[in-house]
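sharing a model prediction with you, sequence too.
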Amino acid sequence: MKKKVLLIEDDNFVRENTAEILELANYNVEIAKNGKEGISKAKSFLPNIIICDILMPNLDGYGVLQIVSKTSGLEQIPFIFLTAKTHQNDLRKGMELGADDYICKPFEESELLRAIEVRLKRVEAFESKNKIPKFNNSSRFLDLKKIKNIDQYLGKKRVYHFKKDETIYCEGNQSNHIFLIKKGTVKTYKINEDGKEFNTGYYTNKQYFGYSSFVKKTPHFENSKAITETQLYKISKDEITSILNNNHHIIFDFIDLLSSNTIANNSQLMLLAYGSVRKKTAITLLNLLENYPEVKNNEIFITRLNLANSIGIAKETLTRTLYSFKEENLIDLSTKSLKVLNKEMLFKIS
């Protein structure tokens, strides 16, 4: 049976072309020209997923998401924003309201279809009883049935300790756990054929990592390393499945927790792919202000090498760019950190 997609978009050209793409991909598509019409059609069409523009007259995409998330029968439908807005504040606002993903215009057909497929598969994975194993009545699983929150269970689990610069997992390792940091800081990174490192994320206390490969049931596609003394929990597939199967009320909170970083990271990577060195550096600094663990009063405590690897440029190129920013009074530099002085001007760099 075809999956149903509701597309809410006020631009005629974008709406018609996007609908055609979805229909060719064998989706049952219903379109709406504005937010109010979209809400009405969502109630009658009951789509499997909603794709919605942000900037629309009368009722914008944020308003649509707020109404959908509070409407019985619609609140659990995956919601993807289709938008030309890429400012960090816009992404954060959508995340706080409960958006599952962003697709920025202009977009590739494969990007749109992949985003939809990932969200639909995630819903199926949690809803399909055939995919949830049946456990025996051993004391271990009887205990799991009593769990009302993850913190309660973690109190009984082993804590793993990693020294600074110690590897946690490598690309290609089998993904059998989700990792939760109790204390410390971890980075994830990839290494290309020339041995150059590109940092893909930073995580700290009470944050999860390693979940993308876990959800897709594939080996890890990146490496991870502790950049400070770190303590973490390893949560196995059986444990996650048991907790979610027996505590349905926490399923969507957990999905939201795991996916929040993915939205921001995908948007950042797309911007970095097309920006100049100055733009890449500026965007990375702004994102680090929001997401990097070691930030205090707009001062980012990060090594030059880690910063260069986060941007995907040579350390020497980074040094020249940072000094030009300093001369423009955008940042201040010290040996172990840098301080952002003018966020607005950094954002305007092209």
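The structure has been received and is ready for your questions.

any regions of the protein where pLDDT drops low?
Applying pLDDT under 70 to the chain flags residues 85-92, 94-96, 126-150, 212-217, 243-274.

cutoff 80 now
Low-confidence segments of the chain (pLDDT under 80): 1, 83-98, 122, 124-155, 174-176, 192-195, 211-218, 237-275, 291.

outline the domain layout of it.
Here the domain assignment for the chain is 4-127, 146-263, 275-348, based on automatic domain parsing.

JSON lines for these, including mean neighbour count?
Quick note: C-beta positions are derived from backbone N, CA and C, even for glycine. Formatted as JSON lines, the domains of the chain follow (neighbours: other C-beta atoms under 10 Å):
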{"stretch": "domain 4-127", "mean neighbour count": "17"}
{"stretch": "domain 146-263", "mean neighbour count": "16"}
{"stretch": "domain 275-348", "mean neighbour count": "17"}
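
can you show me the helices along the stretch 101-250 of the chain?
109-127, 139-145, 150-154, 211-216, 237-246 (DSSP state H, counting those that start in this stretch).

ditto for the stretch 251-350 of the chain
Going by DSSP H, counting those that start in this stretch, the stretch 251-350 of the chain shows helices at 251-274, 277-291, 304-311, 315-327, 343-348.

just the residues contacting the fourth one, thanks.
Residues lying outside helix 315-327 but in contact with it, judged by C-beta atoms under 8 Å, 6 or more residues apart in numbering, are 277-278, 281-282, 304-305, 307-308, 311, 313, 331-333, 338, 346.

repeat the analysis, applying 6 Å as the threshold.
277, 281, 304-305, 308, 331, 333 (C-beta atoms under 6 Å, 6 or more residues apart in numbering).

cool, stretch 50-65 as well?
In contact with stretch 50-65 (C-beta under 6 Å, 6+ apart) are residues 6-10, 34-36, 38, 77, 79-83, 85, 97.

try it again at 8 Å.
Under the contact criterion C-beta under 8 Å, 6+ apart, stretch 50-65 has outside partners 5-11, 14, 18, 34-36, 38-39, 42, 68, 77-85, 90, 93-94, 97-99, 103, 112, 116.

now stretch 9-27
So stretch 9-27 is contacted by 2-5, 7, 29, 31-34, 51-53, 56-57, 82, 105, 109, 112-113, 116 (C-beta under 8 Å, 6+ apart).

which one of the contacts of helix 315-327 is nearest Lys182?
Proximity of the contacts of helix 315-327 to Lys182 (C-beta to C-beta) peaks at Leu305, which lies at 26.5 Å.

Thr335 versus that closest one, what's the distance?
Distance of Leu305 to Thr335, given as C-beta to C-beta, to the nearest Å: 13 Å.

and the strands in the stretch 1-150 of the chain?
4-8, 28-32, 49-53, 79-83, 101-104 (DSSP state E, counting those that start in this stretch).

could you check the angle strand 4-8 makes with the fourth one?
For strand 79-83 against strand 4-8, the angle by axes from the mean of the first three to the mean of the last three C-alpha atoms, to 10 degrees is 40 degrees.

please name every helix or strand in contact with strand 79-83.
Secondary-structure packing of strand 79-83 (3 or more C-beta pairs under 8 Å, 6 or more residues apart in numbering; DSSP states H and E): strand 49-53, helix 61-69, strand 101-104, helix 109-127.

if you set the cut-off to 7 Å instead, what comes out?
Packing partners of strand 79-83 (3 or more C-beta pairs under 7 Å, 6 or more residues apart in numbering; DSSP states H and E): strand 49-53, helix 61-69, strand 101-104.

what's the answer for the last one, then?
For strand 101-104, the helices and strands in contact under the criterion 3+ C-beta pairs under 7 Å, 6+ apart are strand 79-83, helix 109-127, helix 251-274.

and stretch 78-85, how far from the chain's centre?
Relative to its chain's centre, stretch 78-85 lies at 14 Å (C-alpha atoms, centre = their mean, to the nearest Å).

got the CA coordinates for that stretch in CSV?
Written as CSV, here are the backbone C-alpha positions of stretch 78-85 (Å, rounded to 0.1, in the frame of the first residue of the first chain):
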residue,chain,number,x,y,z
PRO,A,78,6.7,12.8,11.1
PHE,A,79,7.1,16.5,10.1
ILE,A,80,9.7,17.8,7.7
PHE,A,81,10.3,21.5,6.9
LEU,A,82,11.0,22.5,3.3
THR,A,83,12.5,25.9,3.4
ALA,A,84,15.0,28.4,2.2
LYS,A,85,15.7,29.6,5.8
